[in-house]
Every structure is written in structure tokens, then in C-alpha cells.
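Peer 1: only geometry, no sequence info:
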């Protein structure tokens with residue numbers, strides 16, 4: 001029988017299911033432990049740090065465990081950083097930029113999305129050396145748009161982390177309740193009174 005071909009979105013849905021949702025369902029830790037991992041991963045995912053988010057989660061995990069005796073699922077934290085990636089980073093960065101400009105009271109200086117994309121694409125021009133690309137990226141992330149992006153990412157990071165925590169708790173509790181109910185029903189069928 002020929003193998004069914006799957007499209008890009010089908011593969012992405014499978015990736016999300018098996019890398020993000022299934023680990024939530026299979027965790028043997030408390031629901032809060034898993035939900036904290038989701039929240040930390042999402043908090044870092046919604047900052048302008050694509051490319052170094054996973055190391056940042058690891059550092060957060062190490063500091064939280066050693067200094068504060070506070071623990072969370074490192075695996076889930078790492079996995080949830082994937083919500084921002086090469087496909088979603090630029091729209092998120094633009095959202096952070098606009099939010100930051102608004103919070104800083106500079107909404108009249110907000111450039112359009114097309115200009116924003118042009119600037120980001122200029123980082124990867126073939127005629128630039130790596131040093132030039134790094135210098136351009138430094139200028140943008142630290143001097144120009146970076147302040148607005150960092151300021152604008154803070155409310156989004158906090159909001160998404162909070163919602164991720166609440167959703168994870170609700171999801172895990174519901175899943176565990178349904179699993180226990182199924183076990184109870186199977187037990188009743190095997191051992192009727």
C-alpha cells in the first residue's frame with residue numbers, strides 16, 4: 001500500500017502534538033510542575049531572542065533550582081520555545097515593536113510591516129560579510145528598534161506565559177480526570193458487582 005503524503009501543515013500539527021501536547025499528557029509530575037515548564041518556555045518564546053531561547057530556558061532552570069529551590073519541567077520549557085521560530089519570529093517581532101513604541105509614547109514613529117521586513121531581510125544580503133550582518137543586527141536590536149521590541153515583548157511574554165500556565169493546568173487536570181474515569185469504567189467492566 002503506498003504511503004500517504006502529508007503536507008506541511010499536517011507535519012507541523014504532528015510536531016506540535018508529539019513535542020508539546022503529548023509530553024504534557026505523559027508527565028508523571030504534578031500538573032503545576034508541567035504548567036510551570038510551559039509558562040517558562042512561552043515567556044522566553046515571546047521575547048526577541050529567537051536562536052538563544054533554549055539556552056535561556058536552561059539557564060532559568062539552573063538558577064531556579066539552585067538559588068530558589070523552585071522547579072519546572074525543563075523538557076516542556078525547551079519545547080514550548082518553539083512557538084516562535086523562523087516562520088513566526090518576524091510577525092512577533094513586529095508586534096513587539098509596535099507595542100513597545102506605543103508603550104514608550106512614540107506611536108507616531110511606527111514604521112509599516114513592509115519596512116520592518118525589508119530591514120530584517122537586509123541582514124542576510126549576500127554582499128554583506130558576517131561582521132557587517134552582526135553589526136547591522138546589533139544596531140537594530142540594541143540601538144534602533146531593539147529597545148521598543150524588548151519593552152513591547154514584556155506584556156506579551158507575561159500574558160502568554162500566564163495563559164500557557166492556566167491552559168496547561170486545565171488541560172492536564174482534565175486529561176488526568178478523563179484517564180482515571182476510563183480506568184474506573186474498565187475496572188467496573190472487569191469486576192462487576
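Peer 2: Nice, I can see it. Everything numeric in this text was worked out from a predicted model, so none of it was measured. Numbering: from 1, shown residues only.

Peer 1: C-alpha only now, for contacts and for neighbours.
Peer 2: Will do.

Peer 1: Please enumerate the helices of the protein.
Peer 2: For the chain, helices defined by DSSP state H occupy the ranges 8-16, 22-26, 31-45, 53-68, 74-80, 89-103, 113-122, 130-138, 146-190.

Peer 1: what helices or strands is the fifth one leaning on?
Peer 2: By that I understand helix 74-80. helix 31-45, helix 53-68 (3 or more Cα pairs under 8 Å, 6 or more residues apart in numbering; DSSP states H and E).

Peer 1: most tightly surrounded among the helices of the chain?
Peer 2: Highest mean neighbour count among the helices of the chain (mean count of other Cα atoms under 10 Å): helix 31-45, with a mean of 27.

Peer 1: Contacts for that helix, please.
Peer 2: 24, 27, 53, 56-57, 71-84, 157-158, 160-166, 168-169, 172-173 (Cα atoms under 8 Å, 6 or more residues apart in numbering).

Peer 1: Same question for stretch 149-158.
Peer 2: Contacts for stretch 149-158 (Cα under 8 Å, 6+ apart): 42-48, 93-101, 103, 141.

Peer 1: Please apply the same query to stretch 120-140.
Peer 2: By Cα under 8 Å, 6+ apart, stretch 120-140 touches residue 146.

Peer 1: pLDDT of it, averaged?
Peer 2: Stretch 120-140 shows a mean pLDDT of 74.

Peer 1: Dump the helices and strands packed on helix 74-80 to CSV, plus mean pLDDT and distance to residue 145.
Peer 2: Converted to CSV, the helices and strands packed on helix 74-80 look like this (pLDDT from 0 to 100; distance: least, Cα to Cα, whole Å):
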stretch, mean pLDDT, distance to residue 145
helix 31-45, 95, 18
helix 53-68, 95, 19
